[in-house]
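In: just the structure for this:
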Amino acid sequence: MNRTYRKEGEPTADFINCTVFGKPAEFAEKYFRQGVKIAIVGRWQTGSYTNKDGQKVYTNDCIVESQEFDQPKSERREEERNTQSAPVPTPEGYSDGFMNIPDGLDETLPFS
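Out: A predicted model of the protein is given here:
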């Protein structure tokens, strides 16, 4: 969602990393699309890792506990029509709406 207030030179929107597991993840993958409004309830989790250049990178993620559509189906259909005609920019480090996992990191992930 676009920021209501922002200073000159600041981004117009924020992209928050959200992590969801199990059946809710399958639902999100199947039905959620860029541009569709959803409501998420979750907990905030911070962490860090050392990247391939040896720099410590700090992370902030929302661990999703519940999720749902936040607009009527008719509005979602209208959004889908609008987004199909005009491509939505993807944030840096993401493709197809999902974050790119750095090489070598997948061995430490709790799933495969």
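In: surely Asp70 meets Ala39?
Out: Yes - counting by Cβ atoms under 8 Å, Ala39 is a contact partner of Asp70 at 4.2 Å. All C-beta atoms are positioned from the backbone trio N, CA, C, and that covers glycine.
In: neighbour count winner among those two?
Out: Asp70 (13 against 10; other Cβ atoms under 10 Å).
In: residues contacting that one?
Out: 37-39 (Cβ atoms under 8 Å, 6 or more residues apart in numbering).
In: again with Thr12
Out: By Cβ under 8 Å, 6+ apart, Thr12 lies in contact with 2-3, 6.
In: got a pLDDT number for it?
Out: Per-residue pLDDT puts Thr12 at 83.
In: give me the number of residues near Gln67?
Out: 19.
In: could you find the closest non-adjacent residue to it?
Out: Ile40 (5.1 Å; Cβ to Cβ, 6 or more residues apart in numbering).
In: counting contacts, what elements does the helix or strand where that neighbour lies pack onto?
Out: Counting by DSSP states H and E, the element that carries Ile40 is strand 38-50. Contacts defined by 3 or more Cβ pairs under 8 Å, 6 or more residues apart in numbering; DSSP states H and E place strand 38-50 against strand 17-19, strand 56-69.
In: for the ones you listed, give me CSV that also has distance to Ala25 and mean pLDDT.
Out: Below are the helices and strands packed on strand 38-50 laid out as CSV (distance: least, Cβ to Cβ, whole Å; pLDDT from 0 to 100):
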stretch, distance to Ala25, mean pLDDT
strand 17-19, 9, 92
strand 56-69, 8, 94
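In: please identify which of those strands is closest to Tyr49.
Out: Across these, Tyr49 has its closest neighbour in strand 56-69 (5.7 Å, Cβ to Cβ).
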